[in-house]
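1. Quick one: sequence and predicted model below, then my questions.
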Amino acid sequence: MLVNSFSLCYHNKLILAPMVRVGTLPMRLLALDYGADIVYCEELIDLKMLQCKRVVNEVLSTVDFVAPDDRVVFRTCKREQSRVIFQMGTSDAERALAVARLVENDVAGIDVNMGCPKEYSTKGGMGAALLSDPDKIEKILSTLVKGTHRPVTCKIRILSSLEDTLSLVKRIERTGIAAIAVHGRKREERPQHPVSCEAIRAIAETLSIPVIANGGSHDHIQEYLDIEDFRQATAASSVMVARAAMWNPSIFLKEGLRPLEEVMQKYIRYAVQYDNHYTNTKYCLCQMLREQLESPQGKLLHAAQSSQEICEAFGLGAFYEETTRELDARRAELLARTPEEAADPAQDTSDVIKMAVKFDRRAYSPQITPKMCLLEWCRREKLAQPVYETVQRPLDRLFCSVVTVAEQKYQSTLCFFRICAKGVVKSDLTASSPAICVSICLNPLSLICPGTSPRNWRNRLQPSSV
């Protein structure tokens, strides 16, 4: 078992629950501002996360996990690093561990969703579907506990009988998890059904690990003081708040709820500062407005089709303009850096021959590219075909290609590309510049006139000082 690099305490905590489409970075930061001790991200599916690439976003000072279509799946920042829990949807132990290792250096803990009753989760054997497969639950949690540096938890619902529920949670506890969150409703029950404080209490009195009570919004929790009442009613170690926090995240504030307009404006500021997609911002604000959606401000929000229009609806137009200018200035500064300045300091490129060359398509016929010529050349010389790797620079998220020929890597320092709208990097364009580097190092005429390949080409494949 790996030793956690730091241990997160789950006793006497106020916790923002994981909520789909709600638990993005602006809401998590706002909850922390108002007094939450721990914040969960929304449930993120393991298969989606495994397609993502970790990117340090210096414009926003965030760490982004970016999908192949250039969409940010999970965004976090230094301020929440010691208090954010990454919740995943999974049905496979090895995939779960791979995701945990992908994100563990940027989060405080790893949680597995075992309570979501929605079809998008259960149809893949995730969420509440796991409750009927204790063996799989045990394997997933045991694998995570043994394989990650972060504390592992899970969130469940109660089963049809208390006896079955207690049997399950005892088995879960034996996996070595740090805490368990319990939503006090059955899989088929919805918010209009009463939460079972008695079931949560029975679990809390049975287990030795912290039990986090969830499900008390509206019926039990309408203001800050109600949170402690709910904790005592369930005998839980901590309380996790979902809908009450979604409606007004200042529920965590000891001094009492803040005016909704003030809360919404603060949320919008975070959304703009961290480049939250306007559709997500709009959704979260609509959840806060609730019955006020037909008000003049609600109608303006409903009509908004951009972050700027949302800001203008709440009197934050000037803030949007100022923040946008600042972010654009940061982007411009990063794009002005040389390739060496923008390189990933953690990536060792000392074995790569770099040259300041750029592919000019006008110098070639439409049917021929340096990439094609290099491939043909390698075939004639009985060498393995060139291997191209397209990588993304962490600072400005531009792409470049590195080609490996006969165990030597080549790269141009001039030719970088952004990913196109469909999420595809045009391989011929990105690959042609490093192919020209090979040509210059080995035989300046070879890629222009393939028939001039030298006889001893293989012996000339040595690192160059060019």
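-> Ah, there it is.
2. who does whichever helix or strand residue 73 is part of pair up with?
-> Take DSSP states H and E as the rule and residue 73 turns out to sit in strand 72-77. Partners of strand 72-77 in the sheet, by DSSP bridges, are strand 62-66 (antiparallel).
3. where does the stretch 301-450 of the chain have low pLDDT?
-> 337-350, 356-367, 391-399, 413-450 (pLDDT under 70).
4. can you do 50?
-> Flagging of the stretch 301-450 of the chain using pLDDT under 50 yields the residue ranges 345-346, 395-396, 418-428, 444-450.
5. how about the helices in it?
-> 307-313, 317-335, 339-342, 370-380, 427-442 (DSSP state H, counting those that start in this stretch).
6. tell me which residues in the longest one are buried?
-> In other words, helix 317-335. For helix 317-335, the buried set under the neighbour-count rule, 16 or more other C-beta atoms under 10 Å, comprises 319, 320, 323, 327, 334. Every residue, glycine included, has its C-beta placed from N, CA and C.
7. From residue 208, how far off is the residue nearest to residue 144 when sequence neighbours are not counted?
-> Once flanking residues are discounted, residue 144 sits nearest to residue 152: 4.5 Å by C-beta to C-beta, 6 or more residues apart in numbering. From residue 152 across to residue 208, the span is 16 Å (C-beta to C-beta, to the nearest Å).
8. Between the two, tell me which one has more neighbours.
-> residue 152 (25 against 6; other C-beta atoms under 10 Å).
9. That one bridge partners, please.
-> Beta-bridge partners of residue 152, as defined by DSSP bridges: residue 110.
10. I'd assumed residue 109 was in contact with it.
-> Yes - between residue 152 and residue 109 there is a contact at 7.1 Å, judged by C-beta atoms under 8 Å.
11. list residues touching both of the two?
-> Listed as contacting both residue 152 and residue 109 by C-beta atoms under 8 Å, 6 or more residues apart in numbering are residue 178.
12. Just say helix, strand or coil for residue 225.
-> Per DSSP: H, G, I helix; E, B strand; the rest coil, the secondary structure class of residue 225 is helix.
13. Same question for the one 5 residues further on.
-> Judged by three-state DSSP, the three-state class of residue 230 is helix.
14. Give me the distance between the nearest residue to residue 274 once chain neighbours are set aside and residue 354.
-> Excluding its sequence neighbours, the residue lying closest to residue 274 (C-beta to C-beta, 6+ apart) is residue 25, at 5.2 Å. Separation of residue 25 from residue 354 (C-beta to C-beta) stands at 36 Å.
15. Could you do residue 103 as well?
-> 32 Å.
16. Compare the two (neighbour count), which wins?
-> For residue 103 and residue 354, the more surrounded residue by other C-beta under 10 Å is residue 103, and the numbers stand at 23 against 19.
17. could you say what helices and strands whichever helix or strand the more buried one is part of packs with?
-> Under the criterion of DSSP H and E, residue 103 resides in helix 93-103. Packed against helix 93-103, as judged by 3 or more C-beta pairs under 8 Å, 6 or more residues apart in numbering; DSSP states H and E, are the following elements: helix 46-50, strand 84-89, strand 109-114, helix 134-147.
18. how about those, which one is nearest residue 39?
-> strand 84-89 (5.5 Å; C-beta to C-beta).
19. chain center to that closest one, what's the gap?
-> Relative to the chain's own centre, strand 84-89 is displaced by 9 Å; criterion: C-alpha atoms, centre = their mean, to the nearest Å.
20. For residue 153, the count of nearby residues, please.
-> 25.
21. and it, what is it in contact with?
-> With C-beta under 8 Å, 6+ apart, residue 153 has these contacts: 10, 85, 109, 110, 111, 112, 177, 178, 179, 180, 181, 212.
22. Quick check: the gap between residue 376 and residue 45.
-> 43 Å.
23. Of those two, which one has the most company?
-> residue 45 (19 against 15).
24. what's the closest non-adjacent residue to that one?
-> residue 89 (4.7 Å).
25. pretty sure that neighbour contacts residue 46?
-> Yes - here residue 89 lies in contact with residue 46, judged by C-beta under 8 Å, at a distance of 6.6 Å.
26. Between these two, tell me which one has more neighbours.
-> Using other C-beta under 10 Å as the criterion, residue 89 and residue 46 rank with residue 89 on top: 29 against 22.
27. List the contacts of that one.
-> 43, 44, 45, 46, 113, 116, 121, 124, 126, 127.
28. Reformat those residues as CSV; add distance to residue 194 and pLDDT.
-> Converted to CSV, the contacts of residue 89 look like this (distance: C-beta to C-beta, whole Å; pLDDT from 0 to 100):
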residue, distance to residue 194, pLDDT
43, 24, 97
44, 30, 98
45, 30, 97
46, 33, 97
113, 23, 98
116, 20, 92
121, 23, 90
124, 29, 91
126, 26, 96
127, 22, 96
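29. tell me the centre residue of the protein?
-> In the chain, the residue lying closest to the centroid (C-alpha atoms, centre = their mean) is residue 74, at 2.0 Å.
30. That one reaches residue 84, doesn't it?
-> No - counting by C-beta under 8 Å, residue 74 does not reach residue 84; the two are 9.8 Å apart.
31. any shared contact partners between these two?
-> Common neighbours of residue 74 and residue 84 (C-beta under 8 Å, 6+ apart) are residue 41.
32. mind giving me the domain ranges of the protein?
-> What automatic domain parsing lists as the domains of the chain is 14-256, 259-336, 344-460.
33. hey, which of those is tucked in deepest?
-> With neighbours taken as mean count of other C-beta atoms under 10 Å, these reach their highest mean count in domain 14-256, at a mean of 20.
34. Quote the end-to-end distance of that domain.
-> Its start and end residues considered, domain 14-256 measures 14 Å (C-alpha to C-alpha, to the nearest Å).
35. So the residue nearest to residue 409 when sequence neighbours are not counted versus residue 402, what's the distance?
-> Excluding the flanking residues, the one nearest residue 409 by C-beta to C-beta, 6+ apart is residue 352, at 4.3 Å. According to C-beta to C-beta, residue 352 stands 6 Å off from residue 402.
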